[in-house]
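A.B. asks: model the structure of this input:
(one chain, ligands or ions: 3)
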Amino acid sequence: MTNKLYDTSLSLLTDLYQVTMAYGYWKTKTAEKEAVFNLYFRKNPFNGGFTIACGLANVIGYIENFSFSKKDLRYLRILTGNDEKPLFEEAFLDYLANLKLTCDIEAIPEGTVVFPNEPLVRVRGPILQCQLLETPLLNLINFESLIATKAARLRLVVENDTLLEFGLRRAQGVDGGMTASRAAYIGGCDATSNVLAGKLYDIPVRGTHAHSWVMSFANEQEAFDAYAEVLPNNVILLVDTYDTLQGVRHAIETGRKLVKRGHKLAGIRLDSGDLAYLSIEARKLLDAAGFQDTAIVASNDLDETIISSLRQQGAKITVWGVGTKLVTAFDQPALGGVYKLAALRHERADQPDNNASAGKPSEEADNETTDGLAHQATGHRVTDHWEYKMKLSEQAIKISTPGIQQVRRFRDERGFMADMIYNLEGMDGSVSKSATMIDPLDFTKRRHFDAKQPHEDLLVPVFRSGKRVYDSPDIHTVRARVQTQLANLHPGVKRFVNPHTYPVGLEKGLHKLKTKLILTLREGQTQD
Ligand SMILES: Nc1ncnc2c1ncn2[C@@H]1O[C@H](COP(=O)(O)OP(=O)(O)OP(=O)(O)O)[C@@H](O)[C@H]1O
Ligand SMILES: O=P(O)(O)OC[C@H]1O[C@H](OP(=O)(O)OP(=O)(O)O)[C@H](O)[C@@H]1O
Ligand SMILES: O=C(O)c1cccnc1
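C.D. replies: Ligands and ions are numbered 1, 2, ... in the order given. Now for the predicted structure:
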């Protein structure tokens with residue numbers, strides 16, 4: 001029930017520079033050079049302590065449908081450079097016409113809690129193909145992860161109350177609305193008002209009515225009675241069109257008539273004014289009239305801060321309708337996910353690697369000379385020779401991590417303890433015996449894990465040589481996963497004000513590899 005918006009190839013849904021670089025790789029005969037790219041973000045959104053991974057199902061749909069149609073190629077053919085001459089030569093367009101994705105892709109399943117600098121997706125394959133996937137992968141993962149995280153924050157605040165997503169009218173266009181509804185449900189909403197999202201994604205749909213219904217009648221009582229008459233099984237009356245507490249009395253009147261007909265007044269909705277005060281007063285009126293089971297729904301520019309405050313004020317609201325601030329991720333409109341080249345495969349098996357060590361994740365790595373080391377890999381290739389790549393920056397946080405990365409999450413009986421990023425290709429099995437994790441921003445901070453420490457590797461195979469090897473769980477399973485994942489997080493990581501930083505570090509061998517590479521690259525710069 002996912003991906004229906006992406007049942008067609010969207011291979012041109014990318015930045016032009018990806019296509020021009022693809023052309024460059026093709027032209028310089030490096031298109032097939034094997035590369036590894038990691039997709040990760042550097043900072044949790046909303047000044048929070050965690051992020052929810054989301055968007056993989058749509059990534060899978062995108063990749064499975066990937067191809068350049070005749071129409072796509074016709075368009076690329078007419079693109080010109082500064083000199084008005086065609087950008088791409090015909091033979092390249094023929095190459096694209098026959099291009100089939102053959103990448104290996106690993107990803108962290110949707111609904112997993114993730115943290116800065118961890119690869120959420122790792123793409124390994126011909127560099128031209130990896131490059132073409134950068135923009136769409138970022139587009140798909142960044143937005144959905146952002147919205148799922150926002151919804152998860154709202155869920156933390158509303159606890160067991162009902163959370164409805166009402167955002168379509170304020171969403172960023174059609175797709176923004178659709179994917180936001182999907183991600184919001186995964187993050188923790190109970191239902192959406194978006195009917196198409198309900199249909200395509202199997203999300204429960206719910207709703208009340210608008211002020212226009214009330215305004216279209218001679219008076220409020222008539223409007224409520226008429227609504228109850230036509231929809232007796234879904235009576236949630238919006239009471240604030242004229243005078244809220246008077247509106248509650250009118251709703252009670254309609255409720256009495258409903259009860260006589262064997263139905264019930266399911267709820268009233270407040271959409272303006274002081275929601276704490278009005279909900280408390282409305283609750284008193286409803287209870288006094290015997291409508292203890294009638295729920296009070298609230299909406300009006302809500303977000304997790306306002307809801308938290310309303311609950312602290314003793315508001316008697318049990319159903320929360322959240323629109324604009326959820327689907328637009330109002331206080332942080334983008335997750336800053338990036339996609340960085342982390343390794344390039346050497347073509348000749350006996351070629352020494354002058355740029356970096358093998359990044360052995362073991363205690364022994366310390367004792368070895370790492371210069372020019374050609375290492376044995378334990379994966380499906382007998383000998384792999386990788387040149388590790390990284391992007392330097394003056395800001396430590398912006399320096400990318402090299403390597404073919406995997407994330408190992410350690411846990412104890414209380415929940416998740418720490419995540420260790422390690423270099424898979426440098427792995428010689430010893431990481432499963434014991435491992436040392438180093439804080440990337442303070443190398444003196446270390447943690448040791450022995451072989452008995454329960455753990456899980458987060459990235460799972462999704463595509464092998466372009467063929468899908470992973471079935472996305474249904475959306476309800478993904479949604480449930482978010483809650484079990486959050487239950488494993490220390491409360492300090494989940495708090496909104498100055499959250500505790502969940503420990504994410506580099507395995508010792510990878511830390512060494514990164515440090516050495518930084519030094520090599522900086523030296524290279526000064527010599528130039
Ligand atoms: N008791 C409360 N504590 C904190 N925030 C509240 C409380 N009651 C309402 N709010 C929030 O205050 C914000 C705006 O309310 P404001 O009074 O400006 O407009 P309004 O109630 O929508 O008025 P109107 O729609 O009549 O113009 C909304 O985001 C609403 O959710
Ligand atoms: O406030 P949001 O979180 O976006 O939730 C959705 C809003 O959409 C509807 O009204 P609309 O905003 O269209 O009109 P109104 O502001 O006049 O109520 C509804 O009554 C909510 O207030
Ligand atoms: O059903 C509702 O009450 C609703 C739907 C969309 C936006 N605001 C409210």
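A.B. asks: contacts and neighbour counts: CA atoms only from here.
C.D. replies: Fine.
A.B. asks: endpoints of stretch 502-516, how far apart?
C.D. replies: The first and final residues of stretch 502-516 sit 26 Å from each other (Cα to Cα, to the nearest Å).
A.B. asks: buried residues, that stretch. List them.
C.D. replies: Neighbour-count burial for stretch 502-516, counted by 16 or more other Cα atoms under 10 Å, picks out 502-514, 516.
A.B. asks: filter those down to the ones in helices?
C.D. replies: Among the buried residues of stretch 502-516, the ones falling in helices (DSSP state H) are 508-514, 516.
A.B. asks: among those residues, which pair sits farthest apart?
C.D. replies: K508 and K516 (12.2 Å; Cα to Cα).
A.B. asks: mutual contacts of these two, please.
C.D. replies: Residues touching both K508 and K516 (Cα atoms under 8 Å, 6 or more residues apart in numbering): none.
A.B. asks: name the helices or strands packed onto the helix ranked longest in the chain?
C.D. replies: Using DSSP H to define each element, the chain has its longest helix at helix 127-158. Under the contact criterion of 3 or more Cα pairs under 8 Å, 6 or more residues apart in numbering; DSSP states H and E, helix 127-158 touches helix 16-27, strand 34-40, strand 51-52, helix 56-64, helix 173-187, helix 304-312, helix 324-327, strand 338-345.
A.B. asks: adjacent strands (with direction) for the third one?
C.D. replies: Looking back up the chat, that one is strand 51-52. Strand pairing for strand 51-52, determined by DSSP bridges: strand 113-114 (antiparallel).
A.B. asks: can you list the residues of this structure near ligand 2?
C.D. replies: 166-167, 271, 299-302, 322-325 (Cα under 6 Å from any ligand atom).
A.B. asks: if we use 8 Å, what do you get?
C.D. replies: Proximity of the chain to ligand 2, by Cα under 8 Å from any ligand atom, involves residues 165-167, 169-170, 210-211, 271-272, 299-303, 321-326.
A.B. asks: please convert the buried members of those residues into ChimeraX selection syntax.
C.D. replies: Restricted to buried positions by 16+ other Cα under 10 Å, the ChimeraX selection for those reads:
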select :165,166,167,271,299,300,302,303,321,322,323,324,325,326
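A.B. asks: intersect the residues of the chain next to ligand 2 with the contacts of ligand 3.
C.D. replies: Near ligand 3, by the rule Cα under 8 Å from any ligand atom, you find 165-167, 169, 210, 299, 321, 323 out of the residues of the chain next to ligand 2.
A.B. asks: want to throw those residues into a markdown table with secondary structure and distance to E32?
C.D. replies: Formatted as a markdown table, those follow (DSSP: H, G, I helix; E, B strand; the rest coil; distance: Cα to Cα, whole Å):
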| residue | secondary structure | distance to E32 |
| --- | --- | --- |
| E165 | strand | 45 |
| F166 | coil | 47 |
| G167 | coil | 44 |
| R169 | helix | 45 |
| A210 | coil | 57 |
| S299 | coil | 54 |
| G321 | strand | 50 |
| G323 | coil | 46 |
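A.B. asks: ok, so of those, who is nearest ligand 2?
C.D. replies: When these are compared for distance to ligand 2 (Cα to the nearest ligand atom), G323 wins out at 3.4 Å.
A.B. asks: ok, that closest one touching L163?
C.D. replies: No. With contact defined as Cα atoms under 8 Å, G323 and L163 do not form a contacting pair (10.6 Å).
A.B. asks: deepest-packed of the helices and strands packed on helix 127-158, please.
C.D. replies: Comparing those on average neighbours per residue, with mean count of other Cα atoms under 10 Å, the densest one is strand 51-52 at a mean of 28.
A.B. asks: what is the mean pLDDT for that one?
C.D. replies: When pLDDT is averaged over strand 51-52, the result is 99.
A.B. asks: and for stretch 25-38?
C.D. replies: 97.
A.B. asks: which residues sit in contact with the closest residue to ligand 2 within the stretch 1-150 of the chain?
C.D. replies: Ligand 2 sits closest to K150 of the stretch 1-150 of the chain, with a gap of 13.0 Å, by Cα to the nearest ligand atom. Applying Cα under 8 Å, 6+ apart to K150 gives the contacts 46, 184, 187, 326, 329.
A.B. asks: how many neighbours does L424 have?
C.D. replies: By other Cα atoms under 10 Å, the residues close to L424 number 21.
A.B. asks: got a pLDDT number for it?
C.D. replies: 86.
A.B. asks: can you give me the distance of it to K389?
C.D. replies: 15 Å.
A.B. asks: pick the one among the contacts of K150 closest to T8.
C.D. replies: A184 (24.1 Å).
A.B. asks: that closest one reaches I147, doesn't it?
C.D. replies: Yes. Contact criterion Cα under 8 Å: A184 and I147 qualify, at 5.8 Å.
A.B. asks: residues shared between the contacts of those two?
C.D. replies: Contacts common to A184 and I147, judged by Cα under 8 Å, 6+ apart, are 326-327.
A.B. asks: what number of residues lie near the residue nearest to H263 when sequence neighbours are not counted?
C.D. replies: Distances taken as Cα to Cα, 6 or more residues apart in numbering put P232 closest to H263, at 6.4 Å, once the chain neighbours are dropped. With neighbours defined by other Cα under 10 Å, the count for P232 comes to 19.
A.B. asks: ok, now R468?
C.D. replies: By other Cα under 10 Å, the residues close to R468 number 15.
A.B. asks: hang on, the earlier thing: between the buried residues of stretch 502-516, which is nearest ligand 3?
C.D. replies: Nearest to ligand 3 among the buried residues of stretch 502-516: Y502, at 35.9 Å, using Cα to the nearest ligand atom.
A.B. asks: show me the contacts for the closest one.
C.D. replies: Counted by Cα under 8 Å, 6+ apart, Y502 has contacts 49-50, 115, 417-418, 493.
A.B. asks: give me the three-state assignment for the residue nearest to H263.
C.D. replies: Following DSSP: H, G, I helix; E, B strand; the rest coil, P232 is assigned to coil.
A.B. asks: just to revisit the earlier point, if I look at the residue of the stretch 1-150 of the chain closest to ligand 2, how far off is ligand 3?
C.D. replies: 18 Å (Cα to the nearest ligand atom, to the nearest Å).
A.B. asks: pLDDT wise, what is that residue at?
C.D. replies: Model confidence at K150, given as pLDDT, is 98.
A.B. asks: L335 reaches F41, doesn't it?
C.D. replies: Yes. When contacts are counted by Cα under 8 Å, L335 is listed as touching F41 (7.3 Å).
A.B. asks: please enumerate the strands of the stretch 301-450 of the chain.
C.D. replies: Taking DSSP state E, counting those that start in this stretch to define them, one finds strands in the stretch 301-450 of the chain at 319-322, 338-345, 386-388, 405-412, 415-423, 434-439, 442-450.
A.B. asks: quick one: closest of those strands to R122.
C.D. replies: Proximity to R122 (Cα to Cα) singles out strand 405-412 among the strands of the stretch 301-450 of the chain, at 7.6 Å.
A.B. asks: pairing partners for that closest one, with directions?
C.D. replies: Going by DSSP bridges, the partners of strand 405-412 are strand 415-423 (antiparallel), strand 455-457 (antiparallel).
A.B. asks: export these to JSON lines and tack on distance to ligand 3 and mean neighbour count?
C.D. replies: Formatted as JSON lines, the strands paired with strand 405-412 follow (distance: least, Cα to the nearest ligand atom, whole Å; neighbours: other Cα atoms under 10 Å):
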{"stretch": "strand 415-423", "distance to ligand 3": "37", "mean neighbour count": "22"}
{"stretch": "strand 455-457", "distance to ligand 3": "40", "mean neighbour count": "15"}
